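Trainee: below are the sequence and a predicted model; questions follow.
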Amino acid sequence: MSGTVSIITADGRNIVGTLKGFDQTINLILDDSHERVYSSSQGVEQVVLGLYIIRGDNVAVIGELDEELDSRLDLHNIRAEPLNPIINY
């Protein structure tokens with residue numbers, strides 16, 4: 001059950017790592033993980049997190065990462081506005 005995934009959290013963060021486990025409430029355990037911090041003025045910063053747990057109620061989107069395609073991205077030249085948090089009314 002291990003594969004590289006990209007997760008968008010409810011507070012707008014993008015976490016990438018190796019999925020090591022999950023439970024019925026979508027709590028996730030990631031290994032070798034990092035956060036990709038986007039900015040409109042500079043390239044994508046990658047903050048190393050290592051072994052990381054994300055609570056299921058904070059997961060907005062999860063998807064498998066195409067590692068070959070991802071390795072071709074030039075993250076230093078990508079500019080993007082950070083995502084806004086999801087607001088539940």
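Mentor: Nice, I can see it. Every value quoted in this text rests on a predicted model; they were computed, and no experiment measured them.
Trainee: and the residue nearest the centre of the chain, helix, strand or coil?
Mentor: Most central in the chain under CA atoms, centre = their mean is residue 15, positioned 1.9 Å from the mean C-alpha point. Three-state call for residue 15 (DSSP: H, G, I helix; E, B strand; the rest coil): strand.
Trainee: next one, pLDDT for it please.
Mentor: In this model, residue 15 is scored at 98, pLDDT.
Trainee: now swap in residue 1 and tell me
Mentor: At residue 1, the model reports a pLDDT of 55.
Trainee: ok, and what's touching the one helix or strand in the chain whose mean pLDDT sits lowest?
Mentor: Scoring the helices and strands of the chain by mean pLDDT, DSSP states H and E places helix 67-71 at the bottom, with a mean of 92. By CB atoms under 8 Å, 6 or more residues apart in numbering, the residues outside helix 67-71 that reach it are 4, 16. C-beta: built from backbone N, CA, C; applies to glycine.
Trainee: assign residue 6 to helix, strand or coil.
Mentor: Assignment for residue 6 (three-state DSSP): strand.
Trainee: that one contacts residue 15, correct?
Mentor: Yes: counting by CB atoms under 8 Å, residue 15 is a contact partner of residue 6 at 7.5 Å.
Trainee: returning to what we had before: which strand residues bridge the residue nearest to the centre of the chain?
Mentor: residue 7, residue 35 (DSSP bridges).
Trainee: which residues touch it?
Mentor: 6, 7, 9, 30, 33, 34, 35, 36, 49, 52, 54.
Trainee: quick one: which of those is nearest residue 21?
Mentor: Closest approach between those and residue 21, by CB to CB: residue 30, at 9.1 Å.
Trainee: I'd say that closest one and residue 17 touch.
Mentor: Yes: the pair residue 30 and residue 17 qualifies as a contact (CB under 8 Å) at a distance of 3.3 Å.
Trainee: show me the common contact partners of those two, please.
Mentor: Shared contacts of residue 30 and residue 17 (CB under 8 Å, 6+ apart): 5, 7, 49, 52.
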